[in-house]
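A.B. asks: need a 3D model of the following:
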Amino acid sequence: MRMTALNRVPSLIGRAGTASALTLAAVGAGLVVPGVATQAEAASPASKALKVAASKQGAPYAWGATGPNRFDCSGLTLYAYKKAGKKLPRTAAQQYNRTKHVSASKRKPGDLVFFHSGRNVYHVGIYAGGGKLWHSPKSGDVVRKSKIWTKSVWYGRVA
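C.D. replies: Purely as a prediction, here's the structure:
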């Protein structure tokens, strides 16, 4: 039988002692614990997208812009989720149609917030929690965190 590093662990522990082998694993080779993810691995695409959007605070609005320095509303959400490893369509209405719709009571930070008039979606941002969102509001404005100003919103979760 060929000896691999895993096959040698019991003999290492026997020769070096349990404490020494654990010290070696923790310091020399990095501690590997099955089922435990690092903080970076545990971050969801939604939380990554939220951080990306927040990092663009102060970037100017430009109609049709998708970043990295200027954004319109759906350009910001598209850019943030792309950086988080998820693909979204270009417009707010298309993004709404691509998400899993969730109620306001089930919304989570990182979900998309869609503003609508009747059945028409006209604006989108990323829910930040606490009734606020990150968005690129309008011409002459910049990416910023704002309070959700109306009840005419729908929420969507990016799968």
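
A.B. asks: check the offset of stretch 148-159 from the chain's centre.
C.D. replies: Between the centre of stretch 148-159 and the centre of its host chain there is 16 Å, according to C-alpha atoms, centre = their mean, to the nearest Å.

A.B. asks: show me which helix or strand of the chain is least confident by mean pLDDT.
C.D. replies: helix 18-23 (a mean of 39; mean pLDDT, DSSP states H and E).

A.B. asks: could you list the low-pLDDT ranges of this protein?
C.D. replies: Applying pLDDT under 70 to the chain flags the ranges 1-42.

A.B. asks: got the domain ranges for it?
C.D. replies: The chain breaks down by automatic domain parsing into domains covering 1-36, 39-157.

A.B. asks: isn't Tyr122 up against Tyr96?
C.D. replies: No: applying C-beta atoms under 8 Å, one finds Tyr122 not in contact with Tyr96, separated by 10.4 Å. From N, CA and C alone the C-beta is placed, and that goes for glycine too.

A.B. asks: so the two - more neighbours on which side?
C.D. replies: A count of neighbours by other C-beta atoms under 10 Å puts Tyr96 above the other of Tyr122 and Tyr96, at 19 against 12.

A.B. asks: output the longest strand belonging to this structure.
C.D. replies: strand 120-129 (DSSP state E).

A.B. asks: hey, where'd the strands end up in this structure?
C.D. replies: Applying DSSP E to the chain gives strands spanning 100-102, 112-117, 120-129, 132-135, 144-147, 153-157.

A.B. asks: going along the chain, name the helices of the protein.
C.D. replies: Assigned by DSSP state H, the helices in the chain fall at 5-16, 18-23, 39-42, 45-55, 73-83, 92-98.

A.B. asks: nearest spatial neighbour of Leu76, skipping sequence neighbours?
C.D. replies: Closest residue to Leu76 apart from its sequence neighbours, by C-beta to C-beta, 6 or more residues apart in numbering: Ser136 at 4.5 Å.

A.B. asks: contacts for stretch 62-81?
C.D. replies: 45, 49-50, 52-53, 56, 59-61, 87-92, 94-95, 112, 123-126, 134-137, 139, 143, 158 (C-beta atoms under 8 Å, 6 or more residues apart in numbering).

A.B. asks: ChimeraX command for the buried members of these?
C.D. replies: Only the buried entries of the contacts of stretch 62-81 go into this ChimeraX selection, using 16 or more other C-beta atoms under 10 Å:
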select :45,49,50,52,53,56,59,61,88,91,92,95,112,123,124,125,126,134,135,136,143,158
